[in-house]
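S.K.: I would like to see how this sequence folds:
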Amino acid sequence: MGSNKLGVFVLGGVVGAGLALLYAPRPGVETRAVVASKANETLDSVRDLGLVGECLCQEAADFYDDATALYEDALAQGAEALEYSAEVLADAQEETLVEIGNMSNELRAKIMEARDRIAAQVAKDQARLAEEACEAGCGCSVDSADAEACDCETQQEEACEEGCGCALHQEEEI
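M.R.: This is a model prediction of the structure:
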């Protein structure tokens, strides 16, 4: 439908031009010269527009090529940045795991030190309690290093009865 309207428009233009020539106030030679001059001017204008169109088309192609090159460069730089970021992240993860391992080892060592201190304190407390029990039961003054030399337990067992509340029976109840 669009090409039909264009054809009618062109046909109307040609008919109008023909009628204008028939009813023109100038003689035919002069009118033909004017028409030829206008046609040459129009042809020159169309050629100039064609050259401008070619230049614009070439500029658009160059712009497209430049834009494509910039896009490809940006894409390559983005890929490099992503790869670098992945490497940095992997290194940071590895360093973090090593640091966590070191912290775990330090914590384990501190726990072992605390166990040793607690065990030493328990041993001291047991020796003190044994000494106190020895002094309370038999009256000797054996220090904790010589606690095995005292036979207080045997003497206490012989001297007291169950339920008397002495240190020996309190330990048995616990």
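
S.K.: what comes into contact with stretch 84-95?
M.R.: Counting contacts by CB atoms under 8 Å, 6 or more residues apart in numbering, no residue outside stretch 84-95 touches it. Yep, even glycine has a C-beta here, placed from its N, CA and C like the rest.

S.K.: and it, C-alpha only, in CSV?
M.R.: Provided in CSV are the C-alpha atoms of stretch 84-95 (Å, rounded to 0.1, in the frame of the first residue of the first chain):
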residue,chain,number,x,y,z
TYR,A,84,43.1,-11.2,39.7
SER,A,85,40.3,-10.9,42.2
ALA,A,86,39.9,-14.7,42.3
GLU,A,87,43.6,-15.1,42.9
VAL,A,88,43.6,-12.5,45.7
LEU,A,89,40.5,-14.2,47.3
ALA,A,90,42.2,-17.6,47.1
ASP,A,91,45.3,-16.2,48.7
ALA,A,92,43.3,-14.5,51.4
GLN,A,93,41.4,-17.7,52.1
GLU,A,94,44.6,-19.7,52.3
GLU,A,95,46.1,-17.2,54.7
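
S.K.: and the residue located most distally from the centre of the chain, what pLDDT?
M.R.: Largest separation from the mean C-alpha position in the chain: residue 27, at 86.0 Å (CA atoms, centre = their mean). We have a pLDDT of 73 for residue 27.

S.K.: phi first, then psi, for it.
M.R.: Backbone geometry at residue 27, expressed as degrees, to the nearest 10, gives phi -70, psi 160.

S.K.: if I look at it, how far off is residue 35?
M.R.: 13 Å (CB to CB, to the nearest Å).

S.K.: where does the protein dip in pLDDT?
M.R.: The chain contains residues with pLDDT under 70 at 1-3, 21, 134-174.

S.K.: remind me, longest helix of it?
M.R.: Counting residues, the longest helix in the chain under DSSP state H turns out to be helix 28-138.

S.K.: pick out the residue closest to the middle of the chain.
M.R.: Short answer for the chain (CA atoms, centre = their mean): residue 89, at 7.9 Å.

S.K.: off-centre distance for stretch 120-136?
M.R.: 60 Å (CA atoms, centre = their mean, to the nearest Å).
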